[in-house]
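**Student:** Got a predicted structure plus its sequence, pasted below:
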Amino acid sequence: AQTVTQSQPEMSVQEAETVTLSCTYDTSENNYYLFWYKQPPSRQMILVIRQEAYKQQNATENRFSVNFQKAAKSFSLKISDSQLGDTAMYFCASTSGTYKYIFGTGTRLKVLA
Amino acid sequence: DARVTQTPRDKVTEMGQEVTMRCQPILGHNTVFWYRQTMMQGLELLAYFRNRAPLDDSGMPKDRFSAEMPDATLATLKIQPSEPRDSAVYFCASGLQVGGRETQYFGPGTRLLVL
């Protein structure tokens, strides 16, 4: 069975600094996809970044990048130049290509002014 | 900027009342998901539709919940009768499933409070 683990319930970072959120997963599938979603206080779930397991290159979206370590089954999210608007709950998720997404329990990130 | 829309944004109702939540998926998407989010359980998948057909509703309490897609632009989730334990945020998400690849895009959610 697929599992997704986020071991950091809460984190904080100073504005303009860099922060890394951890995520580990377990799957027996060879072809799968990994995601980071952001849920700000407005509660909208927003797709931040997506990684396809067969791609070796780490995905990047502006200030957001991932460190995908396939052998270690690790998928961390790095936020550079943190902004106050990055304050949110961050969920890591995986899918093996079926419709079922497995979500982690989330990491609450607070960006401090 | 295509988005999933959901109505109502917030709903307060009394136990026993019927609740209907609506979702408009992104135009061109062929899959729709309904999730429930609570502090205790996190995100739970309630139902999944592909090309308007319900493929999985195993996450829904069958006696009180129902989900439908009357057309490609509308998905509904009904609770009848509602109970206090149904209080949660309900999310709709849509996606385009092609060759096993899919990314879900979420709506803003409906916060339901059953008194």
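**Tutor:** Perfect, thanks for sending it.

**Student:** Just checking stretch B:59-70 against chain A, any contact.
**Tutor:** No: remark: stretch B:59-70 sits outside contact range of chain A, by CB under 8 Å from any CB of the partner chain, the gap being at least 10.1 Å. Backbone N, C-alpha and C define where each C-beta goes, glycine included.

**Student:** for that stretch, the distance to its chain's centre please.
**Tutor:** The chain centre lies 9 Å from the centre of stretch B:59-70; the measure is CA atoms, centre = their mean, to the nearest Å.

**Student:** in it, what's buried?
**Tutor:** Using 16 or more other CB atoms under 10 Å in any protein chain shown as the burial criterion, the residues of stretch B:59-70 that qualify are B:60, B:65-67, B:69.

**Student:** before we move on, what about stretch B:41-55?
**Tutor:** In stretch B:41-55, counting by 16+ other CB under 10 Å, buried: B:43, B:45-50.

**Student:** For it, the averaged confidence score.
**Tutor:** If you average the pLDDT over stretch B:41-55, you get 92.

**Student:** check whether it contacts chain A.
**Tutor:** Yes: using CB under 8 Å from any CB, stretch B:41-55 reaches chain A at B:42-43, B:45, B:48, B:50, B:55.

**Student:** for chain B, what spans make up the strands?
**Tutor:** Under the criterion DSSP state E, chain B contains strands at B:5-7, B:10-13, B:19-24, B:31-38, B:42-50, B:53-56, B:65-71, B:74-79, B:88-95, B:105-106, B:110-114.

**Student:** from the residues of stretch B:41-55 next to chain A, which is closest to residue B:108?
**Tutor:** residue B:43 (14.7 Å; CB to CB).

**Student:** if we can go back for a sec, in a markdown table, list the buried residues of stretch B:59-70 along with pLDDT and distance to residue B:86.
**Tutor:** Converted to a markdown table, the buried residues of stretch B:59-70 look like this (pLDDT from 0 to 100; distance: CB to CB, whole Å):
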| residue | pLDDT | distance to residue B:86 |
| --- | --- | --- |
| B:60 | 92 | 11 |
| B:65 | 97 | 8 |
| B:66 | 96 | 13 |
| B:67 | 96 | 14 |
| B:69 | 96 | 21 |
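
**Student:** So what's the residue count around the closest residue to residue A:5 other than its chain neighbours?
**Tutor:** In space, and not counting its chain neighbours, residue A:5 is closest to residue A:24: 4.9 Å by CB to CB, 6 or more residues apart in numbering or on different chains. For residue A:24, the neighbour count with other CB atoms under 10 Å in any protein chain shown is 17.
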